[in-house]
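*Asks:* Using only what follows, build the 3D model:
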Amino acid sequence: MRVALLVSGGIAAYKVVDLASALTQAGCDVRVAMTPSAMRFVGPPSFRGVTGNTVLTSLWASDGGPEPHVSLGDWAQVILLAPATANVIGRVADGRSDDIVTATLLASRCPVVVAPAMNDAMWAKPVVQQSIAALRRNGVSVVDPETGRLASGHSGTGRLAGAARLMRAMADAVRSRYDMAGRRVIVTAGGTREPIDPVRFISNYSSGKMGFAVASAAADRGARVILVTTASHPSHHGVEVREVATAEEMLGELRSAIPGTDILVMAAAVADFRPTKTAAGKIRREDTQRLTLELEPIPDLVATLGAERAAAGLYRVGFAAEESNLEGRAVDKMKRKNLQAIVANDISRRDIGFGSEHNAGIMFFADGAHHVLAKMTKREMADRILDLVLPRLTQRA
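*Replies:* Numbers count the residues shown, from 1 in each chain. Predicted structure coming up:
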């Protein structure tokens with residue numbers, strides 16, 4: 001498990017070194033980020049020594065690479081903020097991101113566990129409890145501090161929860177979040193490119209963003225994901241990318257990947273036609289006054305796979321880019337292609353679709369159900385699609 005351990009400036013920071021060591025010995029890959037105040041209590045070398053990883057202390061990358069808080073937030077499967085001081089709790093609740101710790105929290109997509117530790121009087125203050133309540137409303141797991149003797153000399157509630165409680169809270173958070181653990185998913189993305197000659201091809205406007213969103217969402221939920229794509233995408237933990245160009249190449253990769261797969265999401269815009277002949281050399285303008293292309297239909301990938309024995313039991317989801325009669329055309333396509341579900345998008349809308357960061361549509365199911373997907377980011381739609389598919393997948397098992 002990939003654990004991002006975020007340390008803020010409380011005396012209990014020294015206890016977190018032992019926790020980092022225990023997590024590492026348990027087989028976790030632990031990466032630590034610290035606030036400037038945390039480094040007044042314990043130094044980065046202590047954490048580096050027990051985890052074997054470089055400790056992040058700044059918002060800025062020294063090598064010109066991606067921002068550390070973004071890369072750490074993308075990498076982590078679970079985040080533990082410990083100790084969480086009253087100061088950092090208040091800043092996180094307010095949505096502030098002015099250091100590596102708070103910025104990582106805002107940039108993350110994984111479960112977050114917060115372990116407060118502070119003076120008992122601070123813990124009891126209404127403003128602190130309001131911030132704690134705000135975190136919980138936003139889905140953060142808060143492990144309440146324990147009661148006992150505090151560093152200030154007082155006795156009361158404010159001590160950092162023990163390692164066993166914190167590790168159990170992280171395990172619970174992971175179990176509730178990774179609902180696709182053990183699943184195998186294939187996603188296609190991008191528009192296929194059918195060559196005319198070595199430098200020209202027939203394609204479409206598909207950017208591959210929707211397919212990549214589905215692939216990354218499934219991976220973030222614990223699935224093993226293969227992305228068969230014609231487009232370039234950022235690297236993402238848990239997504240194996242297989243690059244193709246033509247529909248024929250995509251079909252070959254799908255056939256090799258399908259055994260043992262649970263879900264196939266065909267988000268790629270596969271060409272309907274291709275040139276009957278591909279010129280061996282570049283077709284030069286000065287050599288021809290008129291160029292006529294003869295096209296032939298490309299076998300339907302989804303229908304082809306659906307008819308093959310290897311795809312038996314595979315839950316197939318397709319996409320339909322339409323400009324009118326979304327329901328009629330999408331449902332007809334779902335039946336013809338032997339799909340279990342299809343997402344219909346209205347390509348006449350300029351605020352969604354090809355190249356956009358947003359999407360909207362209607363998801364139809366072979367069982368007759370349908371769900372309207374209001375305009376949202378493609379990543380949000382990806383999670384919504386998976387939310388709707390998973391219960392049906394369980395029913396089929």
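*Asks:* hmm, which helix or strand of the chain has the shakiest average pLDDT?
*Replies:* helix 301-306 (a mean of 85; mean pLDDT, DSSP states H and E).
*Asks:* Quick check: next helix or strand after that helix?
*Replies:* Next in sequence after helix 301-306, counting helices and strands by DSSP states H and E, comes strand 315-322.
*Asks:* elements contacting that following strand?
*Replies:* strand 263-266, helix 301-306, helix 326-336, strand 341-346, helix 378-396 (3 or more CB pairs under 8 Å, 6 or more residues apart in numbering; DSSP states H and E). The way it works is simple: take the backbone N, C-alpha and C, and place the C-beta from them, glycine included.
*Asks:* Break down the stretch 101-250 of the chain into its helices, ranges please.
*Replies:* Listed in chain order, the helices of the stretch 101-250 of the chain (DSSP state H, counting those that start in this stretch) span 120-124, 126-137, 163-177, 209-220, 247-257.
*Asks:* Quickly compare the ones you listed and say which is most buried.
*Replies:* helix 209-220 (a mean of 26; mean count of other CB atoms under 10 Å).
*Asks:* rank the helices of the stretch 101-250 of the chain by pLDDT, which is bottom?
*Replies:* Of all these, helix 163-177 carries the lowest average pLDDT, namely a mean of 88.
*Asks:* send the alpha carbons of that one over as PDB?
*Replies:* Output of helix 163-177 as PDB, limited to C-alpha atoms (Å, rounded to 0.1, in the frame of the first residue of the first chain):
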ATOM      1  CA  ALA A 163      -0.200   3.300  16.200                       C
ATOM      2  CA  ALA A 164      -2.600   0.300  16.300                       C
ATOM      3  CA  ARG A 165      -5.600   2.600  16.100                       C
ATOM      4  CA  LEU A 166      -4.100   4.700  13.300                       C
ATOM      5  CA  MET A 167      -3.200   1.700  11.200                       C
ATOM      6  CA  ARG A 168      -6.600   0.200  11.700                       C
ATOM      7  CA  ALA A 169      -8.200   3.500  10.600                       C
ATOM      8  CA  MET A 170      -6.100   3.500   7.500                       C
ATOM      9  CA  ALA A 171      -7.100  -0.100   6.700                       C
ATOM     10  CA  ASP A 172     -10.800   0.700   7.200                       C
ATOM     11  CA  ALA A 173     -10.500   3.800   5.000                       C
ATOM     12  CA  VAL A 174      -8.800   1.800   2.200                       C
ATOM     13  CA  ARG A 175     -11.400  -1.000   2.300                       C
ATOM     14  CA  SER A 176     -14.300   1.500   2.000                       C
ATOM     15  CA  ARG A 177     -12.600   3.400  -0.900                       C
END
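*Asks:* rank the helices and strands packed on strand 315-322 by pLDDT, which is bottom?
*Replies:* Looking at those, the bottom one is helix 301-306 with a mean of 85.
*Asks:* so what does that one touch, helix or strand wise?
*Replies:* Helices and strands touching helix 301-306, by 3+ CB pairs under 8 Å, 6+ apart, are helix 247-257, strand 263-266, strand 315-322.
*Asks:* Not counting its own residues, what contacts the longest one?
*Replies:* Outside helix 247-257, the residues within contact range by CB atoms under 8 Å, 6 or more residues apart in numbering are 186, 188, 192, 194, 226, 228, 230, 242, 244, 264, 268, 270-271, 274, 298-299, 301, 304-305, 308, 310.
*Asks:* Kindly report the same for stretch 228-246.
*Replies:* In contact with stretch 228-246 (CB under 8 Å, 6+ apart) are residues 2, 74-75, 186-195, 201, 206-208, 211-212, 215-216, 219-220, 223-227, 250, 252-254, 257, 268, 274.
*Asks:* ok, 6 Å please
*Replies:* 75, 188-190, 192-194, 208, 212, 215-216, 219, 225-227, 250, 253 (CB atoms under 6 Å, 6 or more residues apart in numbering).
*Asks:* Quick one, which of the helices and strands packed on helix 301-306 gets closest to Ala86.
*Replies:* Ala86 lies closest, by CB to CB, to one member of those: strand 263-266, at 44.3 Å.
*Asks:* so what strands line up beside the very next helix or strand once past the closest one?
*Replies:* Using DSSP H and E, the next helix or strand after strand 263-266 towards the C-terminus is strand 273-275. When sheet partners are counted by DSSP bridges, strand 273-275 sits next to strand 295-297 (antiparallel).
*Asks:* tell me the average confidence for the partner strand?
*Replies:* 94.
*Asks:* Relative to the whole chain's centre, how far out is stretch 328-342?
*Replies:* Distance of stretch 328-342 from its chain centroid, counting by CA atoms, centre = their mean, to the nearest Å, is 27 Å.
*Asks:* I appreciate the help and will end here.
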